[in-house]
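Trainee: Whatever this is, show me its structure:
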Amino acid sequence: MGTGIDLIAVTWRKSSYSNGSGGECVEVSDGIPGVLPVRDSKDPDGPALLFAPEAWASFVRAVKGGEFNGR
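Mentor: Sure, this is the predicted structure:
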């Protein structure tokens, strides 16, 4: 299903937690108002997930807070 959002021309940046060795990395783009695209850096031509900025910020806070560490 298409979204009508063109992700071809956006600028992507890797997570600051990326180890830089081609490991498990995500990339995000801040170039679209009201939408935060996220993709797998190992598959730049693959799909991207689209988040509301508030939802992404909430997810990042939860990760930093250890909510997904399996405990």
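Trainee: switch to C-alpha atoms for all contacts and neighbour counts from now on
Mentor: Noted.
Trainee: what ranges do the helices span in this structure?
Mentor: 53-64 (DSSP state H).
Trainee: and the spatially most central residue of the chain, what are its bridge partners?
Mentor: What sits nearest the mean C-alpha location of the chain, by Cα atoms, centre = their mean, is residue 38, with 2.5 Å. Assessed by DSSP bridges, residue 38 has beta-bridge partners residue 28, residue 49.
Trainee: That one: what's it in contact with?
Mentor: Taking Cα atoms under 8 Å, 6 or more residues apart in numbering, we find residue 38 in contact with 26-29, 48-51.
Trainee: Please identify which of those residues is nearest to residue 68.
Mentor: Closest to residue 68 out of those is residue 26 (16.6 Å), distances taken as Cα to Cα.
Trainee: Quick check: the gap between the closest one and residue 33.
Mentor: With the distance defined as Cα to Cα, to the nearest Å, residue 26 ends up 20 Å from residue 33.
Trainee: Okay, now the unreliable bits of this structure?
Mentor: Filtered on pLDDT under 70, the chain yields the residue ranges 1-3, 17-23, 70-71.
Trainee: quick one: the strands in it?
Mentor: 13-14, 26-28, 36-40, 48-51 (DSSP state E).
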